[in-house]
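> Show me the folded form of this:
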Amino acid sequence: MPKTDLKKENKDFYYPSNKEVSIVELPEMKFLMIDGQGDPNTSPEYKDAMETIFPVAYKTKFISKREKSQDYVVMPLEGLWWVDNMKDFSLDDRESWKWTVMIRQPDFITENIIAKAKKEVEEKKNPSSLSKIRFESFREGLSAQILHIGPYGEAETPAVGKLHDFIEENGYSRRDKHHEVYLSDMRRTKPEKLKTVIRQPIK
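Below you'll find the predicted structure:
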């Protein structure tokens with residue numbers, strides 16, 4: 001059975017340079033999503049979201065393989081981060097952050113498969129954020145991005161600064177939410193080797 005790997009099919013989206021900023025056009029894609037607020041390092045809401053979105057994502061994959069004979073690589077976690085006034089967005093003030101955690105789904109995944117996955121997860125674990133998870137399309141459009149290699153948080157500041165400088169210097173302006181794609185498994189990867197796509201929609 002062939003296995004779909006969207007990272008390999010869309011290399012421009014997931015393998016940018018860590019030295020130079022690039023511009024991409026992100027099409028409409030399907031995602032599992034959960035919204036919340038607070039510092040991801042300390043927020044119980046964020047922990048609950050993690051304990052929900054991954055089980056549903058993997059159960060979705062297994063149901064697709066079992067019922068549709070369509071297998072695929074589960075995509076990495078992504079995060080949208082923002083505050084009410086994005087001019088005040090700071091890596092230092094995480095308590096005020098609002099966020100959406102999300103995992104991309106192949107186009108052949110349907111609402112019916114997601115509903116079955118949620119039901120099976122509910123019967124087995126019933127995580128507290130299960131009622132918050134949603135399945136919807138998201139189109140980000142024109143965006144600038146760069147790869148950060150290293151720990152999360154403050155260590156990302158130089159990459160974020162380089163991204164924002166590029167946007168301003170090339171006649172663009174920022175719009176919408178700060179976006180990160182967590183390519184590495186933080187449970188198995190040393191902090192200094194973590195790979196994260198830092199992305200910013202532009203106009």
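
> Could you measure from Lys61 over to Tyr172?
Noted for Lys61: a distance of 36 Å to Tyr172, by C-beta to C-beta, to the nearest Å. Quick note: C-beta positions are derived from backbone N, CA and C, even for glycine.

> out of these two, which sits in the more crowded spot?
The residue with more neighbours, out of Lys61 and Tyr172, is Lys61; 22 against 17, by other C-beta atoms under 10 Å.

> And the pLDDT for that one?
For Lys61, the pLDDT comes out at 98.

> swap in the one 3 residues further on?
As summarised for this prediction, Ser64 has a pLDDT of 97.

> Can you get me a residue count around it?
Around Ser64 there are 22 residues (other C-beta under 10 Å).

> what's the answer for the one 5 residues further on, then?
Here the neighbour count serves as a burial measure; for Ser69 (other C-beta under 10 Å) it reads 9.

> cool, the one 5 residues further on as well?
By other C-beta under 10 Å, 16 other residues sit near Val74.

> now do Asn18
15.

> hey, what's the closest residue to Gln37 other than its chain neighbours bridged with?
Leaving aside its sequence neighbours, Gln37 sits nearest to Lys98 (C-beta to C-beta, 6 or more residues apart in numbering; 4.9 Å). On the basis of DSSP bridges, Lys98 is bridged to Gln37, Trp82.

> element containing Pro27, please.
According to DSSP states H and E, Pro27 maps onto strand 22-37.

> With Asn10 as the reference, measure out to the residue lying closest to Lys30 once chain neighbours are set aside.
In space, and not counting its chain neighbours, Lys30 is closest to Gln105: 4.4 Å by C-beta to C-beta, 6+ apart. The gap separating Gln105 from Asn10 is 13 Å, by C-beta to C-beta.

> Who are the contact partners of the residue nearest the centre of the chain?
The centre of the chain sits closest to Glu78, judged by C-alpha atoms, centre = their mean, with a distance of 1.0 Å. By C-beta atoms under 8 Å, 6 or more residues apart in numbering, Glu78 lies in contact with 31, 101-104, 179-182.

> Selection in ChimeraX covering whichever of those residues are buried, please.
To isolate the buried members of those in ChimeraX, using 16 or more other C-beta atoms under 10 Å:
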select :31,101,102,103,104,179,180,181,182
